[in-house]
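let's see this in three dimensions:
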Amino acid sequence: MTLSLVRGQVWQVTLERPKQANALSSALVEQLHLLLEEAAVARPEALVLRGNPVHFAAGLDLTGLEAETDASLAHRLLRIGTLLERLLQLPLLTIAVVEGAAVGAGADLALACDRRIGTHRASFRFPGSGFGAVLGTARLAAASSAHVALSSSRRRYAEEALRDGLLTDLAEDPEATLAGILRTWRGVAPIARAGLLGQARSFDADAALAALARSVTVPGLRDRVLAFAATARPRAATPPPATPTTHHRRD
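Residues are numbered from 1 along each chain as shown. Take a look at the predicted model:
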């Protein structure tokens, strides 16, 4: 099992690969594709995506990397890119609950959600530039700034992530914050929700996917990922001492 799903008015999706830091394996990515396809038809009020208290999600699963080729790795990264595009176009509110480390494609997965609730243990890092993949950069710049996008390989802890727009909410009790967001969302007329989301997102996902495709088709992708993997392994982030209170980023 790579994820669990609880259906209802709000769909609760939990990534279930704790020993792999919830890294995005091909199987997990394809399960998420099927889930989003189903959600687009079922139209719940919202979809909530979670990891665990240590890891929200790591990036590309590096297991069996030696058996990969440039082509197979490019395909895997493009499937992640189309997953992010599908999430950004989903006609319902999407919320990520980030209690631990969000890294690489896992951080991009959180960033593709409309709301991102973090605890004091939350952190974000986007190391894909280390092996030449332009994944999520445009979305990061849109949510934060070009400066943050260009320095994305540095880990950002909860308070800084809130300030930079990676989190939209920082809370001691993420469940209470989630409940408040859902109460507010229920006050929006159902007929207006899809249009409101489309205007709020205002992001060119097709252009981002094209940039990703150009970056992963540069020859030598496998060797670059192998070199990256030799120095980077998923690990939990140790947050600096903090006593957070529930608050929201000011736009």
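
can you give me the helices in the stretch 1-150 of the chain?
26-42, 70-88, 105-111, 137-143, 146-150 (DSSP state H, counting those that start in this stretch).

of those, which is nearest Ala213?
helix 70-88 (6.3 Å; CB to CB). All C-beta spots, glycine's among them, are computed from the backbone N, C-alpha and C.

and that closest one, what does it pack onto?
helix 26-42, helix 105-111, helix 205-216, helix 221-229 (3 or more CB pairs under 8 Å, 6 or more residues apart in numbering; DSSP states H and E).

who wins for proximity to Leu167 among the ones you listed?
helix 105-111 (8.7 Å).

mean confidence score for that closest one?
Helix 105-111 carries an average pLDDT of 94.

and the spatially most central residue of the chain, how far is that from Phe126?
By CA atoms, centre = their mean, the chain has its centre lying nearest to Leu109, at 1.7 Å. Leu109 is 11 Å from Phe126, where distance means CB to CB, to the nearest Å.

coming back round to it: same list (the helices of the stretch 1-150 of the chain) but as JSON lines, adding distance to Ala192.
Shown next, in JSON lines, are those (distance: least, CB to CB, whole Å):
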{"stretch": "helix 26-42", "distance to Ala192": "18"}
{"stretch": "helix 70-88", "distance to Ala192": "19"}
{"stretch": "helix 105-111", "distance to Ala192": "25"}
{"stretch": "helix 137-143", "distance to Ala192": "23"}
{"stretch": "helix 146-150", "distance to Ala192": "31"}
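
so the residue nearest to the centre of the chain touches Leu84, yeah?
Yes: using CB atoms under 8 Å, Leu109 is in contact with Leu84, at 6.8 Å.

mutual contacts of those two, please.
Shared contacts of Leu109 and Leu84, defined by CB atoms under 8 Å, 6 or more residues apart in numbering, are absent.

re earlier: what sits against the residue lying closest to the residue nearest to the centre of the chain once chain neighbours are set aside?
Nearest residue to Leu109, sequence neighbours excluded (CB to CB, 6 or more residues apart in numbering): Ala57, at 5.8 Å. The contact partners of Ala57, taken as CB under 8 Å, 6+ apart, are 15, 21-24, 51, 102-103, 105-107, 109-110.
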